[in-house]
Structures are given as C-alpha cells and as structure tokens.
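Chemist: Build the 3D model from these lines:
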Amino acid sequence: MKRGKIISLLPWQISEIIEVDEKVTYYLLIYRFELIEFILKEQLSYANEGQDIVDLLYQQHSIQVDKDDSQVFQRAIHSLRDEIGLRTASINRHTKPLSSMWIVIQLAEIIISYLRQISNNKTQSICSEEIFRYMYLHSSEDISLNKLSEIFFLSKSTISKYIKKLTGLGFYSLLDEMRLSKAQYLLLHTDLSLTQIADTLNFSDKSRLSKLFSQHHGINSSHFKATYKKGDKQIPSRLSPRDLKLINYLYENYAEDITIDQLSKIFDSNPKDINSMLNYFVEDNFSNFLNQLRVNKACDLLIKTDLSIIDIAYQVGFNSSKTLTRNFKKILQISPSAFRKLNPKEQIRY
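Modeler: Residues are numbered from 1 along each chain as shown. As a prediction, this is how the structure comes out:
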C-alpha cells in the first residue's frame with residue numbers, strides 16, 4: 001500500500017491490515033452500496049454503458065492512480081468531508097439545503113472515476129471470487145452449500161473454509177448478511193411490507209428478518225425505517241409487488257414458450273419497463289435472464305440424469321439442442337457434452 005492506492009470493498013468483503021512499517025494515513029468512506037448502485041444504473045443510466053458495476057469491482061479491488069487522478073478523488077472526498085463532517089453514522093444527518101443530492105453526486109463521482117480507472121487498465125487481474133458474486137446475485141434464492149458445490153465443482157468443506165477464511169463468517173451467516181443488506185434497501189426505498197421483503201429475499205419468515213435487524217442495528221425494522229427513510233425520499237421506488245411476481249413467474253415458468261410481449265400482457269406493463277426492471281434486479285435483460293434460468297436447470301439435469309442433450313433442451317424450454325448448446329457456450333464457455341464429462345474436481349468459472 002502506497003500513496004495513490006485506492007481500495008474498493010464490496011458489502012460482503014473484508015480487508016485486514018497485517019503489518020505497518022511506517023505511519024500511514026488514509027480516508028475511509030463507507031456508504032450504502034445498493035443505493036448508489038441503483039442511482040448509477042437507473043438514474044444516471046450506467047446500465048446503458050454495457051458494463052456491470054459488480055463485475056468491474058470484482059475484477060479489480062484496488063487501483064494505483066497518479067498525482068493528477070489522485071486529486072480528482074481527493075477533491076470529491078474533501079467535499080464529502082466538508083458536507084457531513086469527519087465522522088458520521090448516516091448520510092441523512094445534515095441540515096444544508098440539497099445536501100442529500102450533493103452527497104450522492106460526490107459518491108457517484110468517486111465510483112465513476114474508479115470504474116474509469118479499471119476500464120483503462122489493460123492488465124486487470126482475473127476475478128477469483130465468483131463464489132461470492134454468485135451468492136450475492138442469487139441470495140434471494142434457496143441456495144445452499146450443496147448447490148455451490150455442484151456449480152463450482154468444489155467440496156462443501158472447501159467452500160465453507162474459503163468463505164470463513166476471507167470473511168470470518170460461516171456460509172449461512174454471510175448469506176444472512178447479504179440478504180439483510182438487500183432488505184435494508186427494500187425497506188427504505190419501496191413500500192413493501194416486512195413480510196413481503198422476507199418472502200422476496202427467501203427468509204424463513206418475517207420474525208427471522210426482524211431479529212436480524214435488531215441484532216445488527218440495535219433497533220427494530222419499523223424504527224429503522226422511520227429513522228432513515230426521511231432523508232432518502234428523493235430516490236424513486238422501482239420495485240413493486242408486481243415486479244416481484246413477474247420475476248417469480250419467470251423462475252417458475254422458464255421452460256414455457258415465453259415472450260416479453262406475453263409477459264407485458266400478463267403483468268400489464270411494457271417491454272421497455274420490464275427490461276429496465278430486470279436489468280437492475282437480476283443484472284440482465286429478459287432474453288438473457290430467461291436463457292440463464294434455462295441453462296442453470298440444464299446443468300442440474302446434465303449432472304443428475306442420463307437424459308440426452310436434445311431431451312434436456314426441450315425440457316428446459318429451448319427448441320433445439322443447437323439453441324441449448326449456443327447459449328450454454330455463451331454463458332459457461334463450454335458445451336453441454338463437455339460439461340457432463342467434467343471431472344467433479346475441475347472448476348467452471350461463471
């Protein structure tokens with residue numbers, strides 16, 4: 001670590017300073033990741049850039065900037081410091097006019113500058129934390145160590161030890177942390193009830209979610225919402241019960257011959273809005289998300305059954321084995337037949 005080093009940690013990642021040879025001074029900036037990601041994607045149209053924020057931050061956890069670029073980051077950080085003070089527990093603790101908007105703009109500038117540095121770096125490191133990325137993007141589903149073991153071709157104990165080593169948490173504790181992070185966002189920026197949020201994020205019931213809120217924040221969910229929601233009213237809510245039903249409909253009916261026009265009629269929406277909603281909440285448009293669901297199911301069938309590839313293609317919703325193979329290669333960079341022949345000890349990186 002040296003002057004000009006900028007480190008980015010996603011919500012479930014940790015960093016440890018193991019040795020200090022000389023005095024070091026650094027800025028520590030903590031913010032609500034889901035909220036800023038939402039603004040970049042939906043309000044500032046970052047999704048139209050054809051890149052995924054989570055993917056880019058996974059690919060490179062740190063950057064080294066020169067003096068000129070360093071001044072860009074320092075200016076934004078100093079602006080935040082002047083706005084909210086040296087130490088604050090919440091970005092809502094302010095009294096200046098338009099302070100929330102100003103804070104969001106400065107945070108967006110910092111993240112965009114970081115993403116630009118990553119894009120300009122031609123030698124960025126290969127992502128080695130696909131397990132965490134998969135857990136975060138699929139944390140609303142019924143995932144388990146068994147599921148991860150099948151997907152990444154690693155033993156349950158290996159995955160469990162890997163998670164414990166990097167985060168200090170067990171698998172289910174980390175999963176709870178990820179779900180709680182999303183629950184906090186939904187509680188503040190949607191009108192969903194605690195029961196609906198618990199169902200959406202696959203908690204066993206709302207009492208489990210409520211208990212986690214109390215443990216992590218020292219207050220119950222109702223008090224948390226009343227305390228923090230006021231300062232975030234400028235952020236529009238996009239997720240509704242109808243959106244949740246639409247996503248659930250795709251999970252349950254992926255094998256059917258579904259088109260986005262049919263989906264529009266069923267849920268009284270238009271294709272553009274459906275794609276916009278899916279782009280944010282599942283990181284893909286309708287077509288890609290549907291194919292992802294089908295390929296995921298095909299993986300299960302390839303491992304657990306002796307069905308032919310063409311039978312699997314029909315069973316998961318593709319109209320031919322060629323269509324399955326094309327999408328399989330696009331998503332997993334391997335053919336279905338090669339996937340089936342893989343030694344369980346080998347690993348596929350999603």
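Chemist: Which elements pack onto the helix or strand hosting Lys272?
Modeler: Assigned by DSSP states H and E, Lys272 falls within helix 271-281. With contacts defined as 3 or more CB pairs under 8 Å, 6 or more residues apart in numbering; DSSP states H and E, the packing partners of helix 271-281 are helix 241-253, helix 260-266, helix 286-304. Heads up, the C-betas are built off the backbone N, CA and C, glycines and all.
Chemist: Show me which residues of the longest one are buried.
Modeler: In this case it means helix 286-304. Buried positions in helix 286-304, judged by neighbour count with 16 or more other CB atoms under 10 Å: 286, 288-299, 301-302.
Chemist: For that helix, which outside residues touch it?
Modeler: Taking contacts as CB atoms under 8 Å, 6 or more residues apart in numbering, the residues outside helix 286-304 that touch it are 150-151, 250-251, 254-255, 258, 260, 263, 271, 274-275, 278, 282, 284, 307, 309, 312-313, 315-318, 324, 327-328, 330-332, 336, 339-340.
Chemist: thinking again about what came up before, closest to Arg133 out of the helices and strands packed on helix 271-281?
Modeler: Among these, helix 286-304 comes nearest to Arg133, with 13.7 Å by CB to CB.
Chemist: Can you name the next helix or strand after the closest one?
Modeler: Scanning onward from helix 286-304 (DSSP H and E), the first element met is helix 309-316.
Chemist: Could you report the neighbour count for the closest residue to Asp69 other than its chain neighbours?
Modeler: Take Asp69 and drop its neighbours on the chain: the residue closest to it by CB to CB, 6 or more residues apart in numbering is Gln117, 6.9 Å away. Burial measure for Gln117: 18 neighbouring residues, criterion other CB atoms under 10 Å.
Chemist: Mind checking what helix or strand follows the strand or helix carrying Gln117 in sequence?
Modeler: Element membership for Gln117 (DSSP H and E) is helix 99-120. Counting by DSSP H and E, the next helix or strand C-terminal to helix 99-120 is helix 130-137.
Chemist: quick revisit: now the helices and strands packed on helix 271-281 in TSV, with mean pLDDT and distance to Asn202?
Modeler: Supplementary listing: the helices and strands packed on helix 271-281 in TSV, determined by pLDDT from 0 to 100; distance: least, CB to CB, whole Å:
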stretch	mean pLDDT	distance to Asn202
helix 241-253	83	11
helix 260-266	92	22
helix 286-304	88	16
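Chemist: Dump those helices into a markdown table; add distance to Leu174 as well.
Modeler: Compiled in a markdown table, those are given as follows (distance: least, CB to CB, whole Å):
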| stretch | distance to Leu174 |
| --- | --- |
| helix 241-253 | 23 |
| helix 260-266 | 33 |
| helix 286-304 | 21 |
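Chemist: closest to Tyr134 out of these?
Modeler: Between Tyr134 and the helices and strands packed on helix 271-281, the tightest spacing by CB to CB is seen for helix 286-304, at 10.7 Å.
Chemist: tell me the angle the closest one makes with helix 241-253.
Modeler: Between the axes of helix 286-304 and helix 241-253, defined by axes from the mean of the first three to the mean of the last three CA atoms, to 10 degrees, the angle is 40 degrees.
Chemist: gap between helix 286-304 and the chain center?
Modeler: Centre-to-centre, helix 286-304 and its host chain are 19 Å apart (CA atoms, centre = their mean, to the nearest Å).
Chemist: Mind giving me the packing neighbours of the helix or strand in which Ala76 is found?
Modeler: With elements delineated by DSSP H and E, Ala76 resides in helix 67-84, which encompasses its position. Using 3+ CB pairs under 8 Å, 6+ apart as the contact criterion, the elements in contact with helix 67-84 are helix 99-120.
Chemist: ok, Ile331 - how many residues close by?
Modeler: What Ile331 shows, counting by other CB under 10 Å, is a neighbour count of 17.
Chemist: What of Lys161?
Modeler: 11.
Chemist: Pull stretch 209-222 out as PDB, backbone CA atoms only.
Modeler: Coordinates of each C-alpha in stretch 209-222 appear next as PDB, following Å, rounded to 0.1, in the frame of the first residue of the first chain:
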ATOM      1  CA  LEU A 209     -35.600 -10.900   9.400                       C
ATOM      2  CA  SER A 210     -36.900  -8.700  12.300                       C
ATOM      3  CA  LYS A 211     -34.500 -10.500  14.600                       C
ATOM      4  CA  LEU A 212     -31.500  -9.900  12.300                       C
ATOM      5  CA  PHE A 213     -32.400  -6.200  12.100                       C
ATOM      6  CA  SER A 214     -32.400  -5.900  15.800                       C
ATOM      7  CA  GLN A 215     -29.100  -7.700  16.200                       C
ATOM      8  CA  HIS A 216     -27.300  -5.700  13.500                       C
ATOM      9  CA  HIS A 217     -28.800  -2.200  14.100                       C
ATOM     10  CA  GLY A 218     -29.900  -2.300  17.700                       C
ATOM     11  CA  ILE A 219     -33.400  -1.200  16.700                       C
ATOM     12  CA  ASN A 220     -36.300  -3.000  15.200                       C
ATOM     13  CA  SER A 221     -37.200  -2.700  11.400                       C
ATOM     14  CA  SER A 222     -40.000  -0.200  12.000                       C
END
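Chemist: residues in contact with that stretch?
Modeler: Contacts of stretch 209-222 from elsewhere in the structure, counted by CB under 8 Å, 6+ apart, are Asp176, Arg179, Leu180, Ala183, Leu187, Leu194, Ile197, Ala198, Leu201, Phe203, Phe224, Thr227.
Chemist: So for the chain, the centremost residue is which one?
Modeler: Among the residues of the chain, the one closest to the centroid is Leu137, at 4.5 Å (CA atoms, centre = their mean).
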